[in-house]
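*Asks:* model this:
(4 chains)
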Number of protein chains: 2
Amino acid sequence: MSSKLPSTKEIAKRLNVSVSTVSRALNNHPRIGISTKEKVKKLAEELGYEPNTQAIFFKQSKTMVIGVILPSIKEGFFSEAISGMEEAALQHDYTILFGQSYDDLEKEKKIVATMRKKRVDGLIISLSKQTNTYEHLLQLEKYKIPVIYFDRIPAIKNVHKIFCNLYNGTVELIEWLFDKGQRKIAFINGPDKLVASKERLQGYIDGISRQKLKVDMQFVEKTDLTKESTQQAVKKLFQLKNTPNAIICFNDYVYLDAVQCAERMGIKINKEVLFVSYANLPITEYTAHPPVASLEQFPYLQGEKTMTHMINLLNKPKQEHASEEYIQEELKARLIISNTII
Amino acid sequence: MSSKLPSTKEIAKRLNVSVSTVSRALNNHPRIGISTKEKVKKLAEELGYEPNTQAIFFKQSKTMVIGVILPSIKEGFFSEAISGMEEAALQHDYTILFGQSYDDLEKEKKIVATMRKKRVDGLIISLSKQTNTYEHLLQLEKYKIPVIYFDRIPAIKNVHKIFCNLYNGTVELIEWLFDKGQRKIAFINGPDKLVASKERLQGYIDGISRQKLKVDMQFVEKTDLTKESTQQAVKKLFQLKNTPNAIICFNDYVYLDAVQCAERMGIKINKEVLFVSYANLPITEYTAHPPVASLEQFPYLQGEKTMTHMINLLNKPKQEHASEEYIQEELKARLIISNTII
DNA sequence: TTGTAGGCGTTATCAT
DNA sequence: ATGATAACGCCTACAA
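*Replies:* I've put the predicted structure just below:
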């Protein structure tokens, strides 16, 4: 029943040397006899010895684990993102401790607490939609756990943020619609308090203005991202005397609900009105009416980049807290035009 | 700069007691003075003391971490499943170390090795499509790391398996199609070597037989799950003199590709031919032609159940290795009929 | 070149 | 009721 995993101690005992000798041999320490080194390595091999990383990192008070909290990986954007993170982590021997908030603040707090207790080396988080208080996250600073906010970022300064700025993309999108001859461009935005919403709205306003069109706030609706709310928004737009001939949707889910609603209202999609979207989920290819244009945000790459930043942060010498610099990366979205229509 | 996290030692020093006293006070040990206990607890509170779980589990040689390896969480089935696992894990203070094989055997091996090194307490895995050798997994037994195979299970005995048996569901599905008046029922199956394929095929054969129809192997095509291969299969079926009026697809992805292909061939979906599927992904609601029927496999529940089994396994007293019993749970799928069509 | 000893944070087993 | 000590597996400064 002495079925324990082989340790340096075990090897030392069998070889009648001390554990430090074994440790040195295994780590190719310079001052070690060649024959001893080989003896040790051979036996280690035979025994199938593997260093207990838990013990090593416990000593160094490192875990080599990064916490990742996302609202829901059912969303294609996030499942792509975490895949990118995983890839980068794996390459540097980090692993991911994973949790979903389901856009529930309480759940988010609980997961943050769990991760804190597990002493993750760092935390990457996309905030839940409910999150309007950041105490549970700012607290992590006391524990020297760096936090990088990803995509769903908070409206505060002096924190690390990586996200895709959709302002420019939105302006481009409107330019493209204008070139296609559209003049009545409506917009179904997300909840006001999201940074993502503000960004898109500003892009919308400036984009419209830049084409010398008048910004008509009747053309700007919003949804809380539920199906019902999106349907409301669509109905309102089509009840205007002056109905839009293009509608920009907050994301692909809003897009799907909006198109479905419009279709049921008897509106001819892509004839009477053009729908465009952000995100560009792979599934939209199979829908009855794929978006004619959308803004790709490269979630996989974003995730990869975020994780790489985190790892750099962790491996940076610590004394530099004079030069408190915060990562503040704004990625650029790219306009993708559907090749099936138009 | 003495910015270390508060430990029992720190508390002991400040209170001029020993660490063991602190430990006992914090753990409500019976033989401890009430006043001491309160003093300790108060200071612990003030200092924001939190036990270092890493140290505790290191001592107990437990990690409270379960490895989960899935082919790809981009698939709705797996992202649902891991969500269920996460829920169950969180409730028992376990966390998930997460990896994707992308159906690549080498990657799978590498992730298994990483998890072994990190000393996960247990491993839940859905095999990659390539996996035909199990050495890297069986090896984990030596390390006392229990493995539960989930959904994509190996064709070997004496291992823990949890999966959804689609045999009965397939028979039911055919019964339903028969009742709807369909007599020429075709089947696009997955790769031969998958257990899931064998199961479905047997269900197909028996289901057809039970309706007193003749099993015509010309109606049975297969796909390697790529879009091209699925399209091939569809084309073959419609090149028969006697074309099918119902097609059962291996899963929703095959379904999507098949429907798209058939539509492009000018076939009237749900008029000339009925497509049905397994899996029932939420996205299919938005497609041009949602499946009229599909077999729901409840991935969230399956995932939850699997994780619960794992945790029970880990907390079971160890000596019971006489009664080597293997979990071998077969869940039942449920036939879901679309409410939009027919 | 090799051995010894101390420490990482906690708990359990003695002893007081 | 409390304290001292060993142990978990590994590393490393120091001693030999």
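
*Asks:* ramachandran angles for whichever residue of the stretch 1-150 of chain A sits closest to DNA strand C?
*Replies:* As assessed by CB to the nearest atom of the strand, DNA strand C sits closest to A:Gly33 within the stretch 1-150 of chain A, at 2.8 Å. C-beta coordinates here come from the backbone N, C-alpha and C atoms, glycine included. Taking degrees, to the nearest 10, you get phi -60, psi 140 for the backbone angles of A:Gly33.

*Asks:* for chain B, see how far away it is.
*Replies:* 28 Å (CB to the nearest CB, to the nearest Å).

*Asks:* show me the contacts for the residue of the stretch 151-300 of chain A found nearest DNA strand D.
*Replies:* Here the stretch 151-300 of chain A gets closest to DNA strand D at one residue, A:His160, 29.0 Å apart by CB to the nearest atom of the strand. With contact set as CB atoms under 8 Å, 6 or more residues apart in numbering or on different chains, A:His160 has these partners: A:146-149, A:309, A:313, A:326-328.

*Asks:* in ChimeraX, select just the buried ones from these.
*Replies:* A single ChimeraX command suffices to select whichever of these are buried according to 16 or more other CB atoms under 10 Å in any protein chain shown:
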select /A:146,147,148,149,309,327
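
*Asks:* among the contacts of A:His160, which are in helices?
*Replies:* Taking DSSP state H as the definition of helices, the contacts of A:His160 contribute A:309, A:313.

*Asks:* any chance of the contacts of A:His160 in CSV, plus pLDDT?
*Replies:* Formatted as CSV, the contacts of A:His160 follow (pLDDT from 0 to 100):
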residue, pLDDT
A:Pro146, 94
A:Val147, 96
A:Ile148, 97
A:Tyr149, 96
A:His309, 95
A:Leu313, 91
A:Tyr326, 86
A:Ile327, 85
A:Gln328, 83
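
*Asks:* from the contacts of A:His160, which single one is nearest chain B?
*Replies:* Using CB to the nearest CB, the shortest approach to chain B within the contacts of A:His160 belongs to A:Pro146, at 14.3 Å.

*Asks:* neighbours of the closest residue to the closest one other than its chain neighbours, how many?
*Replies:* If the residues on either side of it in the chain are set aside, A:Pro146 comes closest to A:Gly122, at 4.8 Å by CB to CB, 6 or more residues apart in numbering or on different chains. When neighbours are counted by other CB atoms under 10 Å in any protein chain shown, A:Gly122 registers 24.

*Asks:* same deal with A:Pro154?
*Replies:* Residues near A:Pro154, counting by other CB under 10 Å: 18.

*Asks:* what does the stretch 151-300 of chain A put close to chain B?
*Replies:* A:256, A:259-260, A:282-283, A:286-288 (CB under 8 Å from any CB of the partner chain).

*Asks:* out of those residues, which are buried?
*Replies:* Among those, those classed as buried by 16+ other CB under 10 Å are A:256, A:259-260, A:283, A:286-287.

*Asks:* picking that back up, for A:Lys39, see how far away the residue of the stretch 1-150 of chain A closest to DNA strand C is.
*Replies:* Here A:Gly33 is placed at a distance of 9 Å from A:Lys39 (CB to CB, to the nearest Å).

*Asks:* okay, these two: which has more neighbours?
*Replies:* More neighbours surround A:Lys39 than the other of A:Gly33 and A:Lys39, with 18 against 12 (other CB under 10 Å).

*Asks:* next, give phi and psi for the more buried one.
*Replies:* The phi and psi values for A:Lys39, taken as degrees, to the nearest 10, are phi -60, psi -50.

*Asks:* pretty sure A:Leu105 sits against A:Gln130.
*Replies:* Yes - assessed by CB atoms under 8 Å, A:Leu105 is found in contact with A:Gln130 at 4.1 Å.

*Asks:* would A:Leu331 count as being in a strand?
*Replies:* Yes - under DSSP: H, G, I helix; E, B strand; the rest coil, A:Leu331 falls within a strand.

*Asks:* tell me the bridge partners for it.
*Replies:* A:Cys164 (DSSP bridges).

*Asks:* burial of it, as a residue count?
*Replies:* 16.

*Asks:* contacting residues for it?
*Replies:* A:162-165, A:297-298, A:301-302, A:305.

*Asks:* count of residues packed around A:Glu75?
*Replies:* A:Glu75 sits with 19 neighbouring residues when counted by other CB under 10 Å.

*Asks:* check it and give its pLDDT.
*Replies:* With respect to pLDDT, A:Glu75 has a value of 87.

*Asks:* next one: A:Ile96
*Replies:* Note on A:Ile96: pLDDT of 89.

*Asks:* and it, how far from A:Ile124?
*Replies:* In this view, A:Ile96 and A:Ile124 are 9 Å apart by CB to CB.

*Asks:* between the two, which is the more surrounded one?
*Replies:* Taking neighbours as other CB under 10 Å, A:Ile96 and A:Ile124 compare with A:Ile124 leading, 28 against 22.

*Asks:* how about the strands in chain A?
*Replies:* Ranges of strands in chain A, per DSSP state E, are A:65-70, A:95-100, A:122-125, A:147-150, A:160-165, A:185-189, A:220-222, A:246-249, A:274-279, A:293-296, A:328-332, A:334-337.

*Asks:* contacts made by the fourth one with the rest, please.
*Replies:* What it means is strand A:147-150. A:81, A:122-127, A:137, A:140-141, A:159-163, A:302-303, A:306, A:309-310, A:313, A:327.
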